[in-house]
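Novice: Kindly return the folded structure for what I paste below:
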Amino acid sequence: MSSLYSNVLGSGSPLLILHGFLGMSDNWKTLGTRYAEEGFEVHLIDQRNHGRSFWSEEFNYTVLAQDIKAYLDERGISSAHILGHSMGGKTAMQFACTNPGKVSSLIVADIAPKYYPPHHDYILQGLKALKPADLGSRTDADKALSAYIRDWGIRQFLLKNLYWKEKDQLAFRFNLEVLAERMNEIGESIGSTERYEGPSLFIRGSRSEYVQEGDLPEIKNHFPRALLKTVEDAGHWLHAENPDQFMEITLAFLNS
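Specialist: A predicted model of the protein is given here:
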């Protein structure tokens, strides 16, 4: 198995941070630096088919969790705090349920263990419609994507994945073909009997619809010690929209 790419910051108690769908470790660099300043050894990880990590036809939460176990084993890390956002939160949940002894605590940002119907179709359609000529510059790519994705913030999030594959040709770091094929896997639920009984924090954005009060029984079924906290004035990208409150809530939990 190939190793996951990571950027390691600071020293202290290990904290792994897992990005969301079509994201990458760089999305968390600012907050990762802040956690490192608070005494954590922060591992900003690119999950398979994302960022600088390897590409693979296999893509589901079972293998994503296995990747995290292999990563810890390679580095001789016996246990770590795990923080995951959205898709990364599902990976973190799956890993905690299957490897509870390796998880010091679990933080899940704006996702529940339930099934979510596919809802990224328009984003994947827009990305797949891009032609090589659209990737001559970031401006060209943004203009082409805007025909499919009106939200400027989402386009900027996606365009962070661009890199110069050749002198005059940009490419995306994520494996678009496999991620589009395996899109149904992104919404999969955590297995009905799987549990992690360690300390768990579920944190949601006040303007996000991903985690509802009605999801709490299912969360508690899998994570009986779970706390549910809300970040104000934030949607699904709560860590970027209100980073100060996100840090305040997560650090209080990590240090408790």
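Novice: residues in contact with the helix ranked longest in the chain?
Specialist: In the chain, taking DSSP state H as the definition, the longest helix is helix 61-74. Residues outside helix 61-74 that contact it (Cβ atoms under 8 Å, 6 or more residues apart in numbering) are 1, 3-4, 6, 16, 18, 43, 45, 47-48, 56, 78, 80, 82, 90-92, 94-95, 98-99, 102, 185, 188, 190. C-beta: built from backbone N, CA, C; applies to glycine.
Novice: hmm, try it at 6 Å
Specialist: Helix 61-74 is contacted from outside by 1, 4, 47-48, 90-91, 94-95, 98-99, 102, using Cβ atoms under 6 Å, 6 or more residues apart in numbering.
Novice: Now do the helices in the stretch 151-256 of the chain.
Specialist: Here the stretch 151-256 of the chain has its helices, by DSSP state H, counting those that start in this stretch, at 152-159, 176-181, 183-186, 216-222, 238-241, 243-254.
Novice: Let me see the mean pLDDT of the first one.
Specialist: When pLDDT is averaged along helix 152-159, the result is 91.
Novice: quick one: low-confidence parts of this protein?
Specialist: Scanning the chain for pLDDT under 70 picks out the ranges 1-2.
Novice: just to revisit the earlier point, ranking the helices of the stretch 151-256 of the chain by burial, who's on top?
Specialist: A comparison of these by mean neighbour count, using mean count of other Cβ atoms under 10 Å, puts helix 238-241 on top with a mean of 22.
Novice: If you count contacts, what does that helix end up packed against?
Specialist: Judged by 3 or more Cβ pairs under 6 Å, 6 or more residues apart in numbering; DSSP states H and E, helix 238-241 is in contact with no other helix or strand.
Novice: I'd like the distance from it to the chain centre, please.
Specialist: Relative to the centre of its chain, helix 238-241 is centred 13 Å away, using Cα atoms, centre = their mean, to the nearest Å.
Novice: swap in stretch 56-70?
Specialist: 13 Å.
Novice: please begin residue numbering at 862 from this point
Specialist: New numbering, starting at 862: the last item is stretch 917-931.
Novice: got the buried residues for that stretch?
Specialist: For stretch 917-931, the neighbour count (16 or more other Cβ atoms under 10 Å) marks 920, 922, 924-929 as buried.
Novice: which SS class is the nearest residue to residue 992 once chain neighbours are set aside?
Specialist: Leaving aside its chain neighbours, residue 992 sits nearest to residue 1005 (7.6 Å; criterion: Cβ to Cβ, 6 or more residues apart in numbering). The three-state assignment at residue 1005 reads helix, by DSSP: H, G, I helix; E, B strand; the rest coil.
Novice: give me phi/psi at the residue nearest to residue 963 when sequence neighbours are not counted?
Specialist: Leaving aside its chain neighbours, residue 963 sits nearest to residue 940 (5.0 Å; criterion: Cβ to Cβ, 6+ apart). Note on residue 940: its backbone torsions stand at phi -160, psi 160 [degrees, to the nearest 10].
Novice: and if you look at residue 944?
Specialist: For residue 944, the backbone dihedrals are phi -120, psi 120 (criterion: degrees, to the nearest 10).
Novice: Tell me who's in contact with it.
Specialist: Shown in contact with residue 944 (Cβ under 6 Å, 6+ apart): 878, 968.
Novice: So it versus residue 882, what's the distance?
Specialist: Using Cβ to Cβ, to the nearest Å, we find residue 944 at a distance of 16 Å from residue 882.
Novice: Could you dump the helices of the stretch 1012-1117 of the chain into JSON lines with distance to residue 983 added?
Specialist: Converted to JSON lines, those look like this (distance: least, Cβ to Cβ, whole Å):
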{"stretch": "helix 1013-1020", "distance to residue 983": "10"}
{"stretch": "helix 1037-1042", "distance to residue 983": "12"}
{"stretch": "helix 1044-1047", "distance to residue 983": "12"}
{"stretch": "helix 1077-1083", "distance to residue 983": "28"}
{"stretch": "helix 1099-1102", "distance to residue 983": "21"}
{"stretch": "helix 1104-1115", "distance to residue 983": "27"}
